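>>> Give me a model of this one.
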Amino acid sequence: MSTLTLQEQLLDAAELMQQARQIVALTGAGISTESGIPDFRSPGSIWQLQPPVSYRDFINKPEARQQYWQTRRHLSSQVKEARPNAAHRALADLERRGILLGVITQNFDGLHQDAGNSAERVIELHGTSRAAACTICGARSSITELQERVDAGEVDPRCPACGGFLKAATILFGQRVPEAEITRAKELAAACDLFLVVGSSLKVMPAAMLPRLALNRNVPLIIINLQPTSLDSLADVAIAEKAGLALPKLVEML
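All right, here's what the predicted structure looks like:
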């Protein structure tokens with residue numbers, strides 16, 4: 001745990017960021033919990049009551065697909081009501097200033113785009129909840145229409161093109177992150193001159209390895225996360241604070 005005050009840490013981080021021109025941010029669930037979207041570990045999270053369906057079970061078990069849609073009905077309402085918070089807006093501000101190369105996010109809520117980040121600068125490692133996708137042909141379709149079909153009583157919706165199972169275009173446990181997204185994320189980590197982690201515990205791969213790619217090039221690493229991470233000791237600055245409090249203050253200092 002750092003012995004520096006929050007203000008001292010912010011000053012140190014701001015000094016590093018003032019020298020940067022190609023910042024890359026990695027965001028996790030911690031940035032969206034402040035917008036009302038609970039993460040897997042949050043008290044009151046639906047995942048505490050109903051463990052998430054794995055990709056293997058979704059493909060192989062009709063009852064798992066039914067459970068998936070029941071769980072998603074509750075989660076989708078939370079995501080639908082969520083709005084970007086001050087941390088999301090701070091990252092959009094960095095892009096407007098021309099010093100943000102891109103955002104790599106583990107979240108599927110689309111709040112970075114809502115806050116003002118360009119869609120082409122946001123890499124959604126775990127997909128998006130704002131579209132539906134076929135598990136076989138990958139065709140995208142309206143998630144709203146699909147949810148309406150399920151709510152109307154369709155228990156196992158299929159793709160009209162190939163007959164594959166339909167679900168939200170998000171990554172389930174045990175499902176591989178698309179290689180194209182990993183490649184783009186690695187390219188950003190290899191091109192940045194400062195790596196910023198916001199609201200990620202750095203426990204889930206492949207996201208957890210991305211800061212190390214920057215560290216291997218001696219690129220400054222700043223971490224803002226309420227809980228400790230495995231890379232705190234290697235970071236130039238590790239701030240144990242809410243993203244919505246620390247990040248806007250930091251950006252204001254630039």
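
>>> what helices or strands is the longest helix anywhere in the chain leaning on?
For the chain, the longest helix by residue count, based on DSSP state H, is helix 62-81. In terms of contacts (3 or more CB pairs under 8 Å, 6 or more residues apart in numbering; DSSP states H and E), helix 62-81 is packed against helix 46-49, helix 55-60, strand 127-134, helix 143-151, strand 166-170. Just so you know, the C-beta spots here come from the backbone N, C-alpha and C atoms, and that holds for glycine as well.

>>> Out of these, flag the one nearest P228.
helix 46-49 (21.5 Å; CB to CB).

>>> Quick one: mean pLDDT for the closest one?
Helix 46-49 shows a mean pLDDT of 52.

>>> and if you look at stretch 247-254?
Mean predicted confidence for stretch 247-254 is 96.

>>> Residue ranges in the protein under the pLDDT threshold?
Applying pLDDT under 70 to the chain flags residues 1-2, 39-50.

>>> Okay, strands next: where are they in it?
With strands called from DSSP state E, the chain shows them at 23-27, 100-105, 122-124, 127-134, 140-141, 166-170, 194-198, 221-224, 237-239.

>>> Format these as a markdown table; extra columns: distance to P160 and mean neighbour count.
As requested, the strands of the chain are arranged in a markdown table below (distance: least, CB to CB, whole Å; neighbours: other CB atoms under 10 Å):
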| stretch | distance to P160 | mean neighbour count |
| --- | --- | --- |
| strand 23-27 | 35 | 28 |
| strand 100-105 | 30 | 26 |
| strand 122-124 | 25 | 22 |
| strand 127-134 | 9 | 20 |
| strand 140-141 | 9 | 14 |
| strand 166-170 | 9 | 22 |
| strand 194-198 | 39 | 27 |
| strand 221-224 | 44 | 26 |
| strand 237-239 | 49 | 24 |
